[in-house]
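**Student:** Predicted model, plus sequence, below.
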Amino acid sequence: MSFPFVPSEVEGPARRPHQLLATIAALGLAITSPIAHAQTPPVPAVTPSPAFDQGAASVLALLRGPASASDIFNPAFVAAVPEAQLAQVVAGLKAQHGEAQAVVAVRPMDARSASVDIRFDRAIVTFTIGMLDGKLSGLFITGTRTEGDSLDKIAADIAALSGRTGLVVQKLTDKGAETVIARNADERFAIASVFKLYVLAEIDRAVRAGERKWSDVLPLTQKSHPSGISQDWPDNAPMTLQTLATLMISVSDNSATDTLIAAIGQKRLAAIVRASGHAQPSDMIPLLSTQQVTGLKMPANTGLRDRFLAADDAAQTRLLAEAGDTLRLKNLDLSVYTGGPNQIEWFASPADIARLLAMLEREGDPVTRAILKINPGIPPVNAGRWGYLGYKGGSEPGIMAMSFLLRSKTGERYVVSALVNNPAADIDQPGFVTLMARLLDQLAGPPATRP
């Protein structure tokens, strides 16, 4: 089996990227036949085949059962996917959404694939199907949306989550931001890697001011722990500013982030925190690197942490400089990420993040906007309902954060910031992503049934 959707990064080094598979699996199982697709070279787009309607009917028959896989799928698929695996996926869908009722939409994507919506008792599930020689050659579950949903229901479901929750949804207009939904919007939360938006905002400002160029080259000097990939790259590897920023946002690369923080400097970072309208800028000044957060959490550094927490912004900045290698990767104990959030985190309110996103929407460079849209944070079928979707998320044990900058296909603009903190327990990440997908679906409006 393969997995088509990686929702958001997990920063804690106790959770390496390969350990995200359980989260991804819970969000959406996928069944596909790579052998069939590998045997068939790409072809130019042509008028889609009406066989997609039959393909959609075949998916419905599979879900209702009993149905023979050999009657529905082509031989390559049948050889690649055991019937027991199919049965397990179907049983999981029924347990979650009830019985399959009807095909409600078929949207051809190209000559050999289409997006299909099937109504269940409690949801509409979107599949991507592949067709070859009149039979299904591929089947992906790419999204769900809850029947009879509403913003009020979603807000209530977020409020019912274990722990403390915050949410703000604002529509951006020429006269300012209009709040659509707000819950604990001005309360202080640990935000995990959403803090990287502040780093991106300062890069954006510097590029627009002519102080930097996206093509500027920086050596990779600040190796950190995952999330990300560049921690495994050669020391001092030359990287452009755009590459570092792209890694920082799209895969939440900690080493790229720390390299950028060191290059920018605390004076500029403090200025952008203030310029963004953060209500309590001292919560983000100095703006800690990922290595520094990990190091200050460590029991071995209790004395340094106590002095840091007792100091003002300027004294904190000096303490970090004096700490030197104490807070560098080679001296870090990564087991500190086995508990929930503590006093050493990055802090902001949903409203703070919304103001930051609104600033990027007003002023952002086109490259900044392109970087933000690489990883949509929600399943592709939900993201595809938007003309533009920029995203940055973050998570650690006990922290989940998802923030979006949106433009609908009719031109309406929104910012969304949702946060959960629960020091007592891990957060249901797949469930939280599903809530955000539902929320964005509601803002986007009814989906089309045909292209």
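**Tutor:** Nice, thanks for sending it over. Residues are numbered from 1 along each chain as shown.

**Student:** Would you mark the buried spots in stretch 187-206?
**Tutor:** Neighbour counts over stretch 187-206 (16 or more other C-beta atoms under 10 Å) mark 188-206 as buried. C-beta: built from backbone N, CA, C; applies to glycine.

**Student:** So which of the residues you listed sit within helices?
**Tutor:** Cross-referencing the buried residues of stretch 187-206 against helices under DSSP state H gives 196-206.

**Student:** Same question for Ala424, what's its three-state structure.
**Tutor:** Here Ala424 is coil, with the state taken from DSSP: H, G, I helix; E, B strand; the rest coil.

**Student:** Tell me the secondary structure of the residue lying closest to it once chain neighbours are set aside, please.
**Tutor:** Excluding its sequence neighbours, the residue lying closest to Ala424 (C-beta to C-beta, 6 or more residues apart in numbering) is Gly340, at 6.6 Å. Using three-state DSSP as the criterion, the local structure at Gly340 reads coil.

**Student:** go on, Ile371?
**Tutor:** Assigned with three-state DSSP, Ile371 falls in the helix class.

**Student:** surely the residue nearest to Ala424 meets Gly398?
**Tutor:** Yes: checked against C-beta atoms under 8 Å, the pair Gly340 and Gly398 is within contact range at 2.8 Å.

**Student:** So which of those two has more stuff around it?
**Tutor:** The residue with the greater number of neighbours, taking Gly340 and Gly398 and applying other C-beta atoms under 10 Å, is Gly398; the counts read 23 against 19.

**Student:** Let me see the ranges of the helices in the stretch 151-300 of the chain.
**Tutor:** Taking DSSP state H, counting those that start in this stretch to define them, one finds helices in the stretch 151-300 of the chain at 151-159, 196-208, 241-250, 254-264, 266-275, 290-297.

**Student:** contacting residues for the residue lying closest to Thr221 once chain neighbours are set aside?
**Tutor:** Closest residue to Thr221 in three dimensions, ignoring its sequence neighbours and counting by C-beta to C-beta, 6+ apart: Thr259, at 5.7 Å. For Thr259, the contacting residues are 218-222, 239, 244, taking C-beta atoms under 8 Å, 6 or more residues apart in numbering as the criterion.

**Student:** same deal with Leu329?
**Tutor:** The contact partners of Leu329, by C-beta under 8 Å, 6+ apart, come to 223-225, 231, 291.

**Student:** who wins for proximity to Leu360 among the helices of the stretch 151-300 of the chain?
**Tutor:** For these, proximity to Leu360 was assessed by C-beta to C-beta; helix 196-208 is nearest, at 6.1 Å.

**Student:** what helix or strand is the residue nearest to Asp204 when sequence neighbours are not counted on?
**Tutor:** Using C-beta to C-beta, 6+ apart and skipping the chain neighbours, the partner closest in space to Asp204 is Thr368 (4.4 Å). Secondary structure here is read from DSSP states H and E; on that basis Thr368 sits in helix 366-372.

**Student:** go on, Arg107?
**Tutor:** With DSSP H and E as the test, Arg107 turns up in strand 100-110.

**Student:** Which residue comes closest to Asp149 once chain neighbours are left out?
**Tutor:** The spatially closest residue to Asp149, leaving aside those adjacent along the chain, is Arg438, at 5.7 Å (C-beta to C-beta, 6+ apart).

**Student:** Run through the strands of the stretch 1-150 of the chain in chain order.
**Tutor:** Ranges of strands in the stretch 1-150 of the chain, per DSSP state E, counting those that start in this stretch, are 30-32, 100-110, 113-120, 123-132, 135-146.

**Student:** would you list those strands in TSV and tack on mean pLDDT and mean neighbour count?
**Tutor:** As requested, the strands of the stretch 1-150 of the chain are exported to TSV (pLDDT from 0 to 100; neighbours: other C-beta atoms under 10 Å):
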stretch	mean pLDDT	mean neighbour count
strand 30-32	38	20
strand 100-110	92	17
strand 113-120	93	21
strand 123-132	90	22
strand 135-146	84	23
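
**Student:** what about stretch 268-286, start to end distance?
**Tutor:** 10 Å (C-alpha to C-alpha, to the nearest Å).

**Student:** what angle separates the helix or strand hosting the residue nearest to Asp149 from strand 135-146?
**Tutor:** According to DSSP H and E, Arg438 maps onto helix 429-444. With axes from the mean of the first three to the mean of the last three C-alpha atoms, to 10 degrees as the basis, helix 429-444 and strand 135-146 are set at 80 degrees to each other.

**Student:** Contacts for helix 429-444 next, please.
**Tutor:** Counting by C-beta under 8 Å, 6+ apart, residues outside helix 429-444 touching it are 7-8, 10, 23, 26-27, 143-146, 149-151, 154, 157-158, 161, 169, 180, 377-379, 382-383, 385-386, 389, 395, 400, 402, 404, 406, 408-409, 414, 416, 418, 420, 447.

**Student:** Over to stretch 271-287?
**Tutor:** Counting contacts by C-beta under 8 Å, 6+ apart, the residues outside stretch 271-287 that touch it are 186, 188, 195, 198-199, 201-202, 205, 261, 266, 269-270, 312-313, 316-317, 320, 346-349, 351-352, 355-356, 359.

**Student:** can we see that at 6 Å?
**Tutor:** In this structure, residues lying in contact with stretch 271-287 by C-beta atoms under 6 Å, 6 or more residues apart in numbering are 198, 201-202, 266, 269-270, 313, 316-317, 347, 352, 355-356, 359.

**Student:** Stretch 307-327 now?
**Tutor:** With C-beta under 6 Å, 6+ apart as the contact definition, stretch 307-327 has outside contacts at 266, 282, 285-286, 291-292, 295, 343.

**Student:** now the nearest residue to Ser215 once chain neighbours are set aside: how far from Gln222?
**Tutor:** The shortest distance from Ser215 to any residue other than its chain neighbours is 5.5 Å, reached at Thr240 (C-beta to C-beta, 6+ apart). Going from Thr240 to Gln222 by C-beta to C-beta, to the nearest Å gives 16 Å.
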